[in-house]
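Engineer: Next comes the sequence, and after it the predicted model I'd like to discuss.
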Amino acid sequence: MMMVKVQRGDVIRIHYTGKVKETGEVFDTTYEEVAKEAGIYKEKGVYGPVPVAVGAGHVIKGLDEQLEGLEVGKRYEIVVPPEKGFGKRDPKLVKTFTLGQFRRRGIVPFPGMPITLEGEGGRKIKGRVLTVSGGRVRVDFNNPYAGRYLLYEVEIVEKVDDPIEKVKALVELRLPMVDTSKIIIEVGEKDVTIDFKPVLDGVDKNTLILGEVLLENDLRFIGYENVAFKPTMEELLKPPEDEGEEGGEEEKAEEKVEEEGEQGS
């Protein structure tokens with residue numbers, strides 16, 4: 001059997017389980033059963049081998065960098081240091097609040113409690129309560145896995161070679177709710193067109209717009225210079241026909257009927 005190695009720009013499918021190296025805690029996985037056993041299963045989660053364009057940043061940096069050179073069909077254990085994982089812990093992200101600030105919001109904090117507060121510009125920031133003592137509440141806004149070495153158990157399931165299937169895999173990654181068997185894909189040597197019109201009824205417009213932006217970046221990364229979508233971004237952004245004008249015409253028609261009725265009486 002010919003050995004196939006993964007190269008930068010390849011589209012592959014991988015299975016993985018991410019753990020905290022020191023404790024063995026599972027924080028992410030593509031296996032449904034592993035997720036259930038670890039208590040991180042999500043009802044609306046998508047499980048199974050995930051498509052990845054190697055080097056495009058679809059997975060955490062330290063894992064992405066080490067996929068290149070691996071063999072299809074094999075399993076690996078990859079260690080990711082903090083600076084290429086969730087970053088190093090930043091002491092400045094540990095903040096102290098008064099207990100009253102929480103109580104005024106109807107929150108009774110306790111150690112380990114996850115919270116979401118509003119930061120600058122209305123941006124939501126997530127943290128975890130460290131301590132509650134002496135009327136003070138210390139909250140850590142670092143990622144829970146910041147400063148940790150990570151261990152990824154990875155299986156390179158397949159390398160996707162067919163151009164159409166490559167595009168479908170990236171659509172699956174960015175728009176998992178789309179039925180890729182219904183969309184129409186045309187590929188040339190350096191150009192690709194994806195027609196989403198057959199699935200428009202089942203996809204939120206804003207979700208599709210974001211998906212197209214991300215998809216265009218992905219497709220350019222794997223070598224396509226000209227990327228086109230149907231409907232176009234401009235068509236998706238175009239507001240619907242002015243219902244007010246239509247409503248006005250209907251109202252005028254009703255008024256005319258009423259006037260004629262009054263004249264007849």
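Structural biologist: Done, it's in.
Engineer: what's the following helix or strand after the helix or strand where residue 227 lies?
Structural biologist: When secondary structure is defined using DSSP states H and E, the element that contains residue 227 is strand 226-230. Read in the C-terminal direction, the helix or strand following strand 226-230 is helix 233-237, with elements assigned using DSSP H and E.
Engineer: List the buried residues in that following helix.
Structural biologist: Burial within helix 233-237, assessed by neighbour count using 16 or more other Cβ atoms under 10 Å, is assigned to no residue. Quick note: C-beta positions are derived from backbone N, CA and C, even for glycine.
Engineer: Give me the neighbour count for residue 175.
Structural biologist: By other Cβ atoms under 10 Å, the residues close to residue 175 number 21.
Engineer: for the one 5 residues further on, same thing?
Structural biologist: Neighbours of residue 180 under the rule other Cβ under 10 Å: 18.
Engineer: Could I get the contacting residues of it?
Structural biologist: Residues counted as contacts of residue 180 (Cβ atoms under 8 Å, 6 or more residues apart in numbering) are 168, 171-172.
Engineer: ok, now residue 76?
Structural biologist: Neighbour list for residue 76: 70, 153-156 [criterion: Cβ under 8 Å, 6+ apart].
Engineer: and if we set it to 10 Å?
Structural biologist: With contact taken as Cβ atoms under 10 Å, 6 or more residues apart in numbering, residue 76 is in contact with 14, 16, 66-67, 70, 152-156.
Engineer: what's the answer for residue 31, then?
Structural biologist: Listed by Cβ under 10 Å, 6+ apart, the contact set of residue 31 reads 15-17, 37-38, 47-49, 153, 155.
Engineer: wait, which of those is closest to residue 93?
Structural biologist: Taking Cβ to Cβ as the measure, residue 93 lies nearest residue 38 of those, at 25.9 Å.
Engineer: roughly how far apart are the closest one and residue 25?
Structural biologist: Summarising the geometry, the distance separating residue 38 from residue 25, computed by Cβ to Cβ, to the nearest Å, is 8 Å.
Engineer: Quick check: neighbours shared by these two?
Structural biologist: Taking Cβ under 10 Å, 6+ apart as the contact rule, residue 38 and residue 25 both touch residue 19.
Engineer: Of those two, which one has the most company?
Structural biologist: The residue with more neighbours, out of residue 38 and residue 25 and counting by other Cβ under 10 Å, is residue 38; that gives 17 against 14.
Engineer: Wasn't residue 178 part of a strand?
Structural biologist: No. The assignment for residue 178, made by DSSP: H, G, I helix; E, B strand; the rest coil, is coil rather than a strand.
Engineer: what's the neighbour count on it?
Structural biologist: 21.
Engineer: list the contacts for it?
Structural biologist: With contact taken as Cβ under 10 Å, 6+ apart, residue 178 is in contact with 168, 171-172, 194, 196, 198-199, 202-203, 207-208, 211.
Engineer: Keep only those of those residues that are in strands.
Structural biologist: With strands defined by DSSP state E, the entries of these inside them are residue 194.
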